[in-house]
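Student: how would this look folded up:
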Amino acid sequence: MTIKRAAACLLACLALLSAVPAGEAAETGPINRRIDPFTANKLDYLPEKARARTDTLVYGVPDLLGVTNPFWAETTGDNYLSSLLYDELVFANNAGENGEGVAAWTVSPNGRTYTFTVREGVCYTDGVQVSSDDYINAIYLILTPGYDGAYDLSRAGIVGAEEYAAGLANTIAGVERIDARSFSVTFETYNPTCLDYLGIPALRVSLFGDMRCPQSATEPEDIAAHQAQALAVARLADATQMTYGQYTLESLEVQSLATLSANPDYWRGAPNIGTVQLQVVPVGEELDAILDGDVDIISMLGSVEAVDKVCDYTSGFINLYTWEGNVIGYLGLDSENPIFADTRVRQALAIGFDRDGARYNTVERYGKVFGMLLFDSFGVNCDMLGEQYPYDMEKASRLLEEAGWLLEADGIRYREGEPLAFTFHYNTPNPIMDKVVSLMKADYEALGIDMTVEAVSFEELLARIEAGECDMYFQARRLPASPGVSASLFAGESHLNASGYQSDSLQRFLEWAEYESDATRQTVIYEGFYQELYLELPFIPLYRRNDLLLISARVMNATVTTAHDITADTFRFFLTDTLQGQW
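Tutor: Numbers count the residues shown, from 1 in each chain. Reported below is the predicted structural model:
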């Protein structure tokens with residue numbers, strides 16, 4: 001829906017995040033210059049299994065942890081689920097621009113105050129109107145100390161947010177209720193990207209209490225006590241009590257299947273398809289799942305073999321879309337591990353691993369080793385700067401020696417008696433990373449680095465990263481289109497910064513950008529931030545992958561855009577068993 005959940009998409013696997021439907025056109029097709037499509041022209045070879053699902057659409061997802069609370073949903077499957085069950089205050093339109101979502105909005109002449117009015121008819125499944133209080137409640141939740149979910153408003157610049165977070169005020173001065181459906185948010189300065197932060201769902205006050213402190217709570221300890229209690233209650237919010245989106249949840253089998261039913265009173269119009277399912281498909285089995293008719297829509301990592309199978313004008317029944325996506329894969333580093341404290345070591349890890357060779361041996365032409373991140377309105381820009389850390393074993397060796405890591409007779413480097421040794425974690429099953437890890441281990445061994453590899457379950461990897469128990473780990477993220485929101489993922493005090501890395505120079509860029517009112521100058525500032533980030537190298541860039549979205553040609557009205565998730569406009573889709581007259 002919007003530039004949503006910055007953490008969303010904390011994807012420790014090769015997150016199969018797709019692009020996305022939206023739009024008003026009745027014909028399936030791309031609306032973005034960056035999307036390269038292949039369109040099937042008949043359904044003669046559509047599997048009977050799929051043909052028999054006359055009123056059921058099945059999405060294939062790589063995971064389904066079962067987190068139905070949108071404020072803590074962080075994986076592909078759980079985010080798909082949330083986008084079907086909830087809507088956000090601000091939507092991203094097909095051009096990647098902020099548009100009106102659940103609320104219509106106006107802005108003050110000075111550009112600092114936005115007034116939101118929740119649309120009449122946006123109702124929970126029990127018929128109760130979604131209120132301004134529910135969205136105010138969501139803002140308070142996200143700004144409450146201890147909140148560690150999928151959103152971050154700490155850098156949005158809302159007036160009074162810092163005082164509230166510090167326990168110096170019992171309200172957020174910049175958030176004001178106007179009436180049952182309207183409220184306003186005032187920012188410290190005019191900021192061209194302030195709306196990027198407000199793609200948030202509602203938190204129902206009548207069921208989960210008011211996150212706002214009572215007026216009687218004036219002392220810091222009283223404010224903190226209320227915040228802690230309210231946060232604990234909000235964690236219990238789930239889809240059975242607070243949904244107001246396209247579909248309602250009927251059943252959920254964790255890491256297997258979710259079944260949803262159409263919401264006939266949905267505010268944008270009743271969905272055309274009665275039932276939607278999210279079916280877990282293991283990484284590496286995506287193509288078989290759609291060819292066999294098990295799923296109708298699925299995203300996967302691109303490969304020449306997969307594209308050749310799908311692009312079959314004789315028997316093909318799948319519409320394929322591929323583009324340079326916003327998903328980046330990288331090697332995360334524990335910023336508190338003394339081994340990685342020296343920039344020269346981090347640089348050696350980057351140039352001492354043939355990352356482009358690993359890319360070629362896995363995703364082939366459907367990915368590239370990324371350099372400094374650049375953004376346009378659709379997200380990470382296609383035009384990457386040149387690679388500043390090309391494969392160079394000799395230089396990597398010199399950098400390690402300069403950092404004090406000397407090669408000894410056993411083939412391992414030591415500094416002050418300590419070996420250059422660490423553990424690398426990644427999730428399994430993951431056939432792509434299996435190949436990458438074997439290549440990485442060989443290169444690092446040749447450098448004198450003792451790297452132990454540990455493959456763990458998806459859930460365990462997420463838990464270990466959150467707990468700071470990984471030295472080095474593979475992570476993939478889908479970056480929000482906003483360079484400001486994306487910045488929270490890699491630096492600063494945001495809870496979304498998994499590595500915990502911070503530096504004074506990066507912080508100065510962030511502060512400068514937050515107070516810049518000119519959009520062009522702000523863009524230049526963020527470019528400076530990402531250039532500095534690339535120089536400091538708190539993580540090792542691995543690849544920027546192409547998304548490959550497969551849609552059965554029986555699914556109609558699924559206009560593809562890179563601006564938001566494929567599930568965002570599912571209510572517009574309909575199913576057909578013939579393409580006659582459709583094209």
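
Student: how about the helices in the stretch 351-500 of the chain?
Tutor: Using DSSP state H, counting those that start in this stretch, the helices of the stretch 351-500 of the chain run over residues 355-360, 393-402, 431-447, 458-467, 483-487.

Student: what about the stretch 151-300 of the chain, any weak spots by pLDDT?
Tutor: For the stretch 151-300 of the chain, no stretch has pLDDT under 70.

Student: Repeat that for the chain.
Tutor: Counting by pLDDT under 70, the chain has low-confidence residues at 1-36, 94-96, 302-304, 313-314, 325, 363-387, 481, 579-583.

Student: Output the longest strand belonging to it.
Tutor: If you go by DSSP state E, the chain has its longest strand at strand 318-333.

Student: buried ones in it?
Tutor: Of all the residues in strand 318-333, those buried under the rule 16 or more other CB atoms under 10 Å are 318-333. (C-beta placed from N, C-alpha, C; glycine too.)

Student: Comparing the helices of the stretch 351-500 of the chain, which comes out most buried?
Tutor: Of all those, helix 483-487 carries the top mean neighbour count, a mean of 25, counting by mean count of other CB atoms under 10 Å.

Student: Please, which helix or strand holds residue 288?
Tutor: Per DSSP states H and E, residue 288 falls inside helix 286-291.

Student: how much distance is there from that helix to the middle of the chain?
Tutor: 24 Å (CA atoms, centre = their mean, to the nearest Å).

Student: List every C-alpha atom in the helix or strand following it, with coordinates, as PDB.
Tutor: Later in the chain than helix 286-291, the nearest helix or strand by DSSP H and E is strand 297-301. Taking Å, rounded to 0.1, in the frame of the first residue of the first chain, the C-alpha atoms of strand 297-301 are listed here in PDB:
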ATOM      1  CA  ILE A 297       0.700 -15.600  -8.200                       C
ATOM      2  CA  ILE A 298       4.200 -16.000  -6.900                       C
ATOM      3  CA  SER A 299       7.500 -14.100  -6.900                       C
ATOM      4  CA  MET A 300      10.900 -15.700  -7.200                       C
ATOM      5  CA  LEU A 301      14.500 -15.000  -7.900                       C
END
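
Student: Quick one: list the elements packing against strand 297-301.
Tutor: Packing partners of strand 297-301 (3 or more CB pairs under 8 Å, 6 or more residues apart in numbering; DSSP states H and E): strand 56-61, helix 286-291, strand 539-552.

Student: just the angle between it and strand 539-552, please?
Tutor: For strand 297-301 against strand 539-552, the angle between stretch directions is 150 degrees (axes from the mean of the first three to the mean of the last three CA atoms, to 10 degrees).

Student: mind listing what's buried in the helix or strand following strand 297-301?
Tutor: From strand 297-301 onward toward the C-terminus, using DSSP H and E, the following helix or strand is helix 304-310. Buried residues in helix 304-310, counted by 16+ other CB under 10 Å: 306-307, 310.

Student: pretty sure residue 113 is touching residue 185, no?
Tutor: Yes: the criterion here is CB atoms under 8 Å, and residue 113 meets it with residue 185 at 7.2 Å.

Student: what about these two, which has more around it?
Tutor: The neighbour comparison of residue 113 against residue 185 (other CB atoms under 10 Å) goes to residue 185, with 26 against 17.

Student: how close does that one get to residue 105?
Tutor: Using CB to CB, to the nearest Å, residue 185 is found at 9 Å from residue 105.

Student: what separates the nearest residue in space to residue 390 that is not next to it in sequence from residue 395, distance-wise?
Tutor: Ranked by CB to CB, 6 or more residues apart in numbering and with sequence neighbours excluded, the top spatial neighbour of residue 390 is residue 351, at 6.5 Å. Between residue 351 and residue 395 the computed distance is 6 Å (CB to CB).

Student: before we move on, what about residue 56?
Tutor: 56 Å.

Student: Could you do residue 146 as well?
Tutor: Distance of residue 146 to residue 395, given as CB to CB: 44 Å.

Student: and what of residue 578?
Tutor: Distance from residue 578 to residue 395, by CB to CB: 61 Å.

Student: pretty sure residue 506 is in a strand, no?
Tutor: No: counting by DSSP: H, G, I helix; E, B strand; the rest coil, residue 506 is not found in a strand; it is helix.
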